[in-house]
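In: no sequence for this one, just the structure:
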């Protein structure tokens, strides 16, 4: 009788330990998904600002149609990549696609702002100044949200990889998640200097 109680106690202890590990994995996974939702909000705000920026610039930069179309095309590609990443923030391919699309969008926006330098009336336009300020603010928020997401992913990945959690993670298909890293070159990572 005592032997059966000891075995039952050990089994109960194992169930409690496994449940604790499983719950820790679930908590970590939900934290990084929530952190991605904060990035998603800021990126959508950014995508909503870009058409307004293009409309403001369009009247001044009639001869720069190719640049304007490239900005809209890059915006649409980034919005699509963001939607795929939002559907599954742990998917490595979706995160790499998003980082690449965001890098392309940043590059086309940089070219747009560089071209805008040669249009004095545009530089003085209140809508342009306000949109640039909103985009700058949004970029800062995206940067902070990306850091929070990467911190949450790192915590989740550590939880998945620690022993004995890695056994439970493997049993219940908790795969490590991908960090959202920039695909820009070191030169591109430097903040563009835009003066309006």
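Out: Nice, thanks for sending it over. Just so it is clear, the model here is predicted, and its values are computed rather than measured. Residues are numbered from 1 along each chain as shown.
In: what packs against the longest helix along the chain?
Out: Using DSSP state H to define each element, the chain has its longest helix at helix 2-58. If you count contacts as 3 or more C-beta pairs under 8 Å, 6 or more residues apart in numbering; DSSP states H and E, helix 2-58 packs onto helix 65-87, helix 92-116, helix 126-161, helix 165-171. Just so you know, the C-beta spots here come from the backbone N, C-alpha and C atoms, and that holds for glycine as well.
In: buried residues of the second one, list them for me.
Out: Read that as helix 92-116. Using 16 or more other C-beta atoms under 10 Å as the burial criterion, the residues of helix 92-116 that qualify are 94-109, 111-113, 115-116.
In: angle of it against helix 65-87?
Out: Between helix 92-116 and helix 65-87, the angle comes out at 150 degrees (axes from the mean of the first three to the mean of the last three C-alpha atoms, to 10 degrees).
In: state the mean pLDDT of helix 92-116.
Out: Helix 92-116 shows a mean pLDDT of 89.
In: so of the helices and strands packed on helix 2-58, which one's packed in deepest?
Out: helix 92-116 (a mean of 19; mean count of other C-beta atoms under 10 Å).
In: how far out from the middle of the chain is that one?
Out: In terms of C-alpha atoms, centre = their mean, to the nearest Å, the centre of helix 92-116 is found 12 Å from the chain centre.
In: what lies in contact with stretch 135-149?
Out: Applying C-beta atoms under 8 Å, 6 or more residues apart in numbering, the contact partners of stretch 135-149 are 32, 35-36, 38-39, 41-43, 45-46, 49-50, 53, 89, 109, 180.
In: now do 10 Å
Out: By C-beta atoms under 10 Å, 6 or more residues apart in numbering, the residues outside stretch 135-149 that reach it are 31-50, 52-53, 89, 95, 99, 102, 106, 109, 113, 177, 179-182, 191, 194.
In: buried subset of the residues you listed, written for ChimeraX?
Out: Filtering the contacts of stretch 135-149 down to the buried ones (16+ other C-beta under 10 Å) takes a single ChimeraX command:
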select :31,32,33,35,36,38,39,40,42,43,46,47,49,50,53,89,95,99,102,106,109,113,177,179,180,194
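In: where does pLDDT dip in this structure?
Out: 182-196 (pLDDT under 70).
In: what's near enough to touch the residue nearest to residue 28 when sequence neighbours are not counted?
Out: In space, and not counting its chain neighbours, residue 28 is closest to residue 156: 3.9 Å by C-beta to C-beta, 6 or more residues apart in numbering. By C-beta under 10 Å, 6+ apart, the residues touching residue 156 are 24-25, 27-33, 35, 90, 169, 174, 176-177.
In: what kind of secondary structure is residue 175 in?
Out: coil (DSSP: H, G, I helix; E, B strand; the rest coil).
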